[in-house]
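**Student:** Need a 3D model of the following:
(one chain, ligands or ions: 1)
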Amino acid sequence: MIKEGELYSGKAKTVYGTDNPEKLIMEFRDSLTAFNGKKKSEVPKKGYYNAQIAAKLLGLLEENGIKTHFDSMLSGNEMVVDAVEIIKIEVIVRNIAAGSLVKKYPFKTGEKLDPPIILFDYKSDEHGDPMINDDIALALHLASKDELTEIRKMALKINSILLKYLDEKGILLPDFKLEFGRYHGKIVLADEISCDTCRFWDKITGESLDKDVFRFDKGDLAAAYREVAKRIVPGINL
Ligand code: TMP
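**Tutor:** Sure thing, here's the model as predicted:
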């Protein structure tokens, strides 16, 4: 596979074309931002840890019957993925109250949410990723009714698989963000699942092992990401 020109550069990843029109390369960078880009930093090896964690979790989901865009790893921080058409909805799954849910509604941090809550945000930096409902998603032509139903069903299945797997590694999953795409007429899981896009809490200490370390200045980000990588990626070179 030949890596071609840059197609898109986001806040933490850059996407490149390849000589195969069906495949793209997603490079996980060491940069990170929070609060819609207002807070910025660069942390050595962050891209590598996230890429390795995402590869492991996307692979786990594939093994459990979830179609994803994951193809293979080209290097430590470069992932080959199917060239899906991204649906501009950020799907948030919540199992334990935290973050913006606690800010906006009368939930207490740490409160269990059973059944899990699924929320949709419109993926648009310009509009600050506002929360939407099905009617807005349909009116904006972001997805069809059937696609929204399928996305919700897949998000719940992904949640069950991740909860069980991470629990065995001593990690709680309060919430996470998913993105989906269209590929040959089917909905597939796209983007990443990593310390940037999930809340991971140590099951014993409750300590954050995710981007909240950066958002809220809770300590050493690389150490937190390394810990997750160590627990879930067998044999990883740390
Ligand atoms: P929130 O509590 O800040 O709304 O975040 C909910 C989850 O979504 C959390 O696991 C982090 C993830 N997330 C992203 O992946 N990207 C984002 O831009 C934001 C705000 C949250």
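
**Student:** remind me, longest strand of this protein?
**Tutor:** What stands out as the longest strand in the chain, according to DSSP state E, is strand 171-183.

**Student:** Run me through the strand neighbours of that strand, direction for each.
**Tutor:** strand 85-86 (antiparallel), strand 89-96 (antiparallel), strand 186-190 (antiparallel), strand 198-202 (antiparallel) (DSSP bridges).

**Student:** Not including adjacent chain positions, what is the nearest residue to the residue most central in space within the chain?
**Tutor:** For the chain, Ile193 is the residue whose C-alpha lies nearest the centre (C-alpha atoms, centre = their mean; 3.3 Å). Of all residues not flanking Ile193 in the chain, Leu57 sits nearest, at 4.4 Å (C-beta to C-beta, 6 or more residues apart in numbering). All C-beta atoms are positioned from the backbone trio N, CA, C, and that covers glycine.

**Student:** and the one you found, what is it in contact with?
**Tutor:** Taking C-beta atoms under 8 Å, 6 or more residues apart in numbering, we find Leu57 in contact with 162, 165, 193-194, 232.

**Student:** Mind checking which of these are in helices?
**Tutor:** Using DSSP state H, the subset of the contacts of Leu57 located in helices is 162, 165, 232.

**Student:** residues in contact with the closest residue to the ligand within the chain?
**Tutor:** Of all residues in the chain, Gly99 sits closest to the ligand, at 2.2 Å by C-beta to the nearest ligand atom. Residues near Gly99 by C-beta under 8 Å, 6+ apart: 174-175, 199, 212.

**Student:** what does Ile136 give?
**Tutor:** The contact partners of Ile136, by C-beta under 8 Å, 6+ apart, come to Tyr122.

**Student:** For it, give me the pLDDT.
**Tutor:** Per-residue confidence (pLDDT) for Ile136: 98.

**Student:** go on, the one 10 residues further on?
**Tutor:** Among the per-residue scores, Asp146 holds a pLDDT of 98.

**Student:** Which element, helix or strand, includes it?
**Tutor:** Here Asp146, judged by DSSP states H and E, is contained in helix 145-168.

**Student:** Beta-bridge partners for the residue lying closest to Leu140 once chain neighbours are set aside, please?
**Tutor:** Closest residue to Leu140 in three dimensions, ignoring its sequence neighbours and counting by C-beta to C-beta, 6+ apart: Tyr122, at 7.0 Å. Beta-bridge pairing of Tyr122 under DSSP bridges involves Ile89.
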